[in-house]
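Participant: Fold the following and give me the result.
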Amino acid sequence: MMKVRDNLPQRRTNPTKTPTGSNWSQHKPDLRVDFHKHCAYCGSYDGFSHTYFEVDHFVPKSLFTKTGNISLCQYSNLVYSCKFCNNIKLSKWPSNDETVPNINNMGFVDPCTTDYDTHLYRTKNGSISWVTDLGKWMVEVGFKFDERDYAVKLLWELNQLRKAIEILTLEAKKYHPNSENYNNILNKSREYSEQYFLYRNELDEYYKIM
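Facilitator: Now for the predicted structure:
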């Protein structure tokens, strides 16, 4: 089984900025790096202009602003998220306890922990599915990956092609432009680029009707 995200995100311990109050968005550049330019929840890449990427509060603001135990700009509670995952997650928090992220197989798992990948996985065609009952809740309720399946798969296919084209581009530099190896790589890159163009158009058309 494939992981939802290629790389496990890890928040830095010392962010480059020290915002206060409601200026948590100042952490976005650091988060983008720490989360490898991908949504922490669905693994979509932020370079396709399909959506705006946002800074999500893992523990919802509606909980901790009442207690004051977590600050709005606390880096350890922030997540780099696509607009869709962030908007669907909103203030859902079944335990209603800021210290308990999930209870009775409902709730969330910090995407910066390896535990996230024990509940969810990506299928061969790019869908996001579950391993556990908690994972099922996240797929069907927490982030509604099942309802977003068409877009989730398109974004995954696009990202696979993007990475393949980048690898081929670097590989081609190892050979003389007139060599057989170079031409073979160039032809493969063109094939992937055509597929990328088609998937990108499909994605753009899909978001026009949403």
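
Participant: Quick one: neighbours of the closest residue to T169 other than its chain neighbours, just the number.
Facilitator: In space, and not counting its chain neighbours, T169 is closest to S189: 6.7 Å by C-beta to C-beta, 6 or more residues apart in numbering. Heads up, the C-betas are built off the backbone N, CA and C, glycines and all. The tally of other residues near S189 (other C-beta atoms under 10 Å) stands at 18.

Participant: same deal with T169?
Facilitator: Neighbour tally, T169, other C-beta under 10 Å: 12.

Participant: Which element, helix or strand, includes E166?
Facilitator: helix 149-172 (DSSP states H and E).

Participant: Other residues contacting that helix?
Facilitator: With contact meaning C-beta atoms under 8 Å, 6 or more residues apart in numbering, helix 149-172 is reached by 42-45, 47-48, 50, 84, 122, 125-128, 145, 182, 185-186, 188-189, 192-193, 195-196, 199-200, 202-203, 206-207.

Participant: residues touching the residue nearest to T169, list them.
Facilitator: S189 makes contact with I165, L168, T169, A172, according to C-beta under 8 Å, 6+ apart.

Participant: nearest residue to the second one other than its sequence neighbours?
Facilitator: Taking C-beta to C-beta, 6+ apart, and ignoring the residues beside it in sequence, L168 has S189 as its nearest neighbour in space, at 4.4 Å.

Participant: distance between the helix or strand containing the one you found and the chain's centre?
Facilitator: Using DSSP H and E, S189 sits within helix 180-208. In terms of C-alpha atoms, centre = their mean, to the nearest Å, the centre of helix 180-208 is set 22 Å apart from its chain centre.
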